[in-house]
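Visitor: Test case, fold it:
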Amino acid sequence: MNTTQYFTGPWREGDRCLAPATRDGTLREATIQRLSSNLLNNETKAWVIFSDHNKDAEEEEEDEKPVFPSSITAPKLHSPLELSDVDGDRVPYTINRYLRDYQREGIKFIYNNYICSRGCILGDDMGLGKTVQVIGFLAAVLHKAGTWEDIKNNRPEFLQSQVSSKQSKPNKVFLIVAPLSVLYNWKDELDTWGHFQCVVVHGLKKEEELARIRKGRTEVALTTYETLRLCLDQFNNIDWSAVIVDEAHKIKNPNSQITQAMKDLRCKVRKIGLTGTILQNNLEELWCVMDWAVPGCLGSLGYFKNKFSDPIEQGQRHSATKRALATGRKTVRALVRRISHWFLRRTKALIKEQLPKKDDRMVYCSLTDFQQTVYQAVLDTEDVTLLLRSSEKCDCQSGRIRRSCCYKMNSEGVQIKDLYFSYLTILRKVANHVALLQSTTGTSKKQEKYVSAICQNVFQNFPDFVRRCKYEAFEALSDPVYSGKMKVLQKLLKYYLQKRDKVLLFSLSTKLLDVLENYCMAEGLDYSRLDGNTKSKDRIQIVKEFNSSTHINLCLVSTMAGGLGLNFVGANVVVLFDPTWNPASDLQAIDRAYRIGQSRDVTVLRLISLGTVEEVIYLRQVYKQQLQCSVVGKESARRYFEAVQGHGRHGIHKGELFGIKNLFRLQTQGTCLTRQILEREGQVEAGVMTTRTHAGKEEEERKRISPH
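Guide: Numbers count the residues shown, from 1 in each chain. Next up, the predicted model:
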């Protein structure tokens with residue numbers, strides 16, 4: 001039934017509201033179909049369609065949220081979670097009945113800091129439900145019932161006095177900041193768990209949505225880091241009750257624009273951060289995130305380094321003295337006590353009974369003869385020699401090191417720092433697949449120049465490769481003879497796909513995904529692909545089809561584009577073709593398959609080129625995880641390394657991991673640095689796999705040694 005009503009306030013087409021029926025004036029649920037505004041009297045005319053029936057008690061129960069599939073039986077818990085007797089804040093029973101005890105504890109943790117006008121960080125592992133804990137908190141402070149009563153509160157102000165309600169409309173608005181990849185997941189979860197007045201401030205309509213918030217008809221606003229940074233002044237014109245930041249580890253660099261914007265955002269001293277990886281690279285990141293949430297809680301950065309960071313890192317060295325070890329452990333305990341009021345972390349051990357087994361293996365692949373020749377040619381260039389000698393005393397007898405004196409740049413005027421990053425990128429390409437040197441996509445002009453010189457010097461000894469580069473498409477270079485990893489991958493895919501296992505194949509490089517895609521087409525494999533160019537709506541369809549399909553058993557995924565917000569529980573094998581510097585990125589990729597809902601054991605295979613920069617990259621991951629384990633974990637971390645990050649000046653404590661000389665070298669004859677370090681520590685991980693691949697000869701060796 002259509003009728004015309006007059007409204008004030010920022011209503012939109014498609015909104016649900018209560019409007020007086022034309023026949024008897026009783027308020028009934030309606031949907032706004034069309035709006036027209038009169039600018040003179042600030043009046044809006046709305047054409048609405050009334051629902052076909054009135055709600056009775058039984059039908060109102062059907063509007064309870066959340067409503068899950070019939071396969072999920074709601075517990076017989078009909079009591080809310082009481083948070084405050086004074087304010088009446090409680091998590092409605094519609095949500096509380098689905099919560100686990102640790103999630104109730106998390107909601108109380110957030111709430112207690114909120115009412116004290118303090119910030120906090122919820123640091124639970126991925127997969128423990130940080131989102132639902134935040135939604136439970138929001139439902140409590142916004143006085144949600146999770147029923148039809150919440151819908152009745154979504155009505156124009158001029159109708160507020162005409163309807164009796166058990167609850168009053170809270171004058172609060174909360175801001176949630178999240179990466180774009182999970183922004184609409186938040187919207188879906190809020191719609192699933194309750195009746196929230198929620199808007200997304202992003203894209204072309206962000207100005208309209210910000211105006212809507214200022215007029216007071218929104219309870220929860222969702223936006224991205226970048227939108228917040230660009231529109232900071234508009235966001236600061238709104239009186240936020242609290243700011244909730246998902247993936248709060250993005251606020252890890254005190255000098256970044258994102259961090260500065262987040263610190264400049266005004267709110268009522270209530271900042272709530274969510275991150276499962278608060279410490280990704282170093283302890284200074286922990287300080288930065290905590291200082292955003294609770295300014296000054298750990299002192300200045302200089303104080304933090306002297307008081308906490310330096311003693312802890314020195315105590316983590318493999319050869320640390322007993323005194324340094326004791327001081328480090330004592331400092332860890334002091335730091336944990338210091339942040340315990342504002343930082344709460346739980347691990348997946350809480351839900352281990354719901355998770356299958358995970359077999360995580362490193363597969364070390366030796367370079368092919370062709371790869372090794374190219375890799376060594378890169379190391380033999382004048383520029384790399386200049387880099388390797390940059391810390392030596394200058395020839396001019398000034399006493400200064402070369403890079404600060406007569407050798408600040410190469411013969412063509414390129415700065416040492418630029419050379420470092422360019423050649424590091426080139427080495428990573430060669431370690432994965434030599435064909436990547438033939439692609440100029442995503443390559444700077446400086447790098448392109450270096451690559452051209454390398455190709456000219458090296459490839460003259462490989463006329464077949466030069467011919468293929470000249471006459472065939474880039475993707476045709478997926479021939480495994482140019483990559484030791486491709487030879488290993490061939491066998492892995494053949495083995496797992498014959499078993500009807502479903503495989504996720506991750507890579508950082510989209511050009512490498514092109515190579516892998518060409519290989520799949522050449523082999524006649526059914527596959528799907530998801531990367532940064534995949535539209536959001538297409539991502540959902542790709543994931544859904546992969547999980548349910550019986551013929552698509554392989555999905556090529558970009559590590560950075562597919563590492564968040566995707567549920568690939570159909571996969572039981574995860575292959576990481578190349579390691580990232582940040583262990584959290586690899587773990588997030590693995591957790592696309594290893595999560596609640598996974599019914600099969602999961603095998604993880606990390607492909608690492610033996611003796612190359614990739615070994616150092618992976619070992620730095622181990623170093624960072626060891627540091628995180630010692631500070632925010634509950635188990636004692638093993639002390640594998642001599643290295644201490646950030647203490648490498650003049651060669652001190654660079655150890656096996658840090659410094660240019662550790663990155664720009666090639667260990668040949670199958671030497672595995674990882675195994676050497678693990679054996680030295682006395683703990684050799686089970687399942688370390690070494691695969692040797694040489695042109696004209698292949699030998700696979702699998703070594704399994706149980707931990708001592």
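Visitor: close enough to count as contact, Cys555 and Asp531?
Guide: No - the criterion here is CB atoms under 8 Å, and Cys555 misses it with Asp531 at 10.8 Å. In this view, the C-beta of every residue, glycine as well, is placed from N, C-alpha and C.
Visitor: between the two, which one's more packed in?
Guide: Cys555 (25 against 18; other CB atoms under 10 Å).
Visitor: Next, give phi and psi for that one.
Guide: Here is the backbone geometry of Cys555 (degrees, to the nearest 10): phi -130, psi 120.
Visitor: give the contact list for it.
Guide: Cys555 makes contact with 502-505, 527-530, 542, 546, 568, 571, according to CB atoms under 8 Å, 6 or more residues apart in numbering.
Visitor: Could you list the domains of this protein?
Guide: 2-54, 60-297, 353-364+480-702, 367-478 (automatic domain parsing).
Visitor: now the last one, how far from the chain's geometric center?
Guide: Read that as domain 367-478. 31 Å (CA atoms, centre = their mean, to the nearest Å).
Visitor: likewise stretch 512-525?
Guide: 27 Å.
Visitor: Repeat that for stretch 132-140.
Guide: 22 Å.
Visitor: ok, residues contacting it?
Guide: Counting by CB under 8 Å, 6+ apart, 81, 83, 89-92, 95-96, 98-99, 103-104, 106-107, 110-111, 114, 122, 124, 144, 146, 174, 176, 189-190, 193-194, 196, 219-220, 244, 272, 274 sit against stretch 132-140.
Visitor: Next, the buried residues of that stretch.
Guide: For stretch 132-140, the neighbour count (16 or more other CB atoms under 10 Å) marks 132-140 as buried.
Visitor: Can you convert those residues into TSV and add a column each for secondary structure, pLDDT and distance to Asn410?
Guide: Output for the buried residues of stretch 132-140, formatted as TSV (DSSP: H, G, I helix; E, B strand; the rest coil; pLDDT from 0 to 100; distance: CB to CB, whole Å):
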residue	secondary structure	pLDDT	distance to Asn410
Val132	helix	94	55
Gln133	helix	96	53
Val134	helix	97	51
Ile135	helix	96	55
Gly136	helix	96	58
Phe137	helix	97	56
Leu138	helix	96	56
Ala139	helix	95	61
Ala140	helix	95	62
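Visitor: between those residues, which is nearest Gln456?
Guide: Nearest to Gln456 out of the buried residues of stretch 132-140 is Val134 (CB to CB; 56.3 Å).
Visitor: From the contact counts, what lies against the helix or strand harbouring Ile542?
Guide: Ile542 is part of helix 536-548, with elements assigned from DSSP states H and E. When contacts are defined as 3 or more CB pairs under 8 Å, 6 or more residues apart in numbering; DSSP states H and E, helix 536-548 packs onto strand 528-530.
Visitor: roughly how far out does the strand it packs on sit from the chain middle?
Guide: On CA atoms, centre = their mean, the centre of strand 528-530 falls 19 Å from that of its chain.
Visitor: That strand pairs with which strands?
Guide: The strands beside strand 528-530 in its sheet (DSSP bridges) come out as strand 554-558 (parallel).
Visitor: Kindly export whichever helix or strand comes after the partner strand (C-alpha atoms) in PDB.
Guide: Once strand 554-558 ends, the next helix or strand along the chain (criterion: DSSP H and E) is strand 573-576. Output in PDB follows, covering the C-alpha atoms of strand 573-576 (Å, rounded to 0.1, in the frame of the first residue of the first chain):
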ATOM      1  CA  VAL A 573      46.700 -27.400   1.000                       C
ATOM      2  CA  VAL A 574      48.300 -23.900   1.100                       C
ATOM      3  CA  VAL A 575      51.500 -23.300  -1.000                       C
ATOM      4  CA  LEU A 576      53.400 -20.000  -0.400                       C
END
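Visitor: Look up how far Met486 lies from the closest residue to Ile617 other than its chain neighbours.
Guide: Counting by CB to CB, 6 or more residues apart in numbering, Ile617 lies nearest to Pro579, which is 4.9 Å off, once chain neighbours are set aside. Here the criterion is CB to CB, to the nearest Å. By it, Pro579 lies 17 Å from Met486.
Visitor: Now do the buried residues in stretch 546-559.
Guide: 546-547, 552-559.
Visitor: Let me have these in JSON lines, adding pLDDT and distance to Arg118 as columns.
Guide: Below are these laid out as JSON lines (pLDDT from 0 to 100; distance: CB to CB, whole Å):
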{"residue": "Phe546", "pLDDT": "93", "distance to Arg118": "43"}
{"residue": "Asn547", "pLDDT": "93", "distance to Arg118": "41"}
{"residue": "Ile552", "pLDDT": "93", "distance to Arg118": "49"}
{"residue": "Asn553", "pLDDT": "94", "distance to Arg118": "49"}
{"residue": "Leu554", "pLDDT": "95", "distance to Arg118": "48"}
{"residue": "Cys555", "pLDDT": "96", "distance to Arg118": "43"}
{"residue": "Leu556", "pLDDT": "95", "distance to Arg118": "45"}
{"residue": "Val557", "pLDDT": "94", "distance to Arg118": "39"}
{"residue": "Ser558", "pLDDT": "92", "distance to Arg118": "38"}
{"residue": "Thr559", "pLDDT": "90", "distance to Arg118": "36"}
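Visitor: max-length helix in this structure?
Guide: helix 613-632 (DSSP state H).
Visitor: got the buried residues for it?
Guide: 613-632.
Visitor: In a markdown table: the buried residues of stretch 132-140, plus distance to Leu607.
Guide: Listed next are these as a markdown table, based on distance: CB to CB, whole Å:
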| residue | distance to Leu607 |
| --- | --- |
| Val132 | 35 |
| Gln133 | 36 |
| Val134 | 37 |
| Ile135 | 39 |
| Gly136 | 41 |
| Phe137 | 42 |
| Leu138 | 42 |
| Ala139 | 45 |
| Ala140 | 47 |
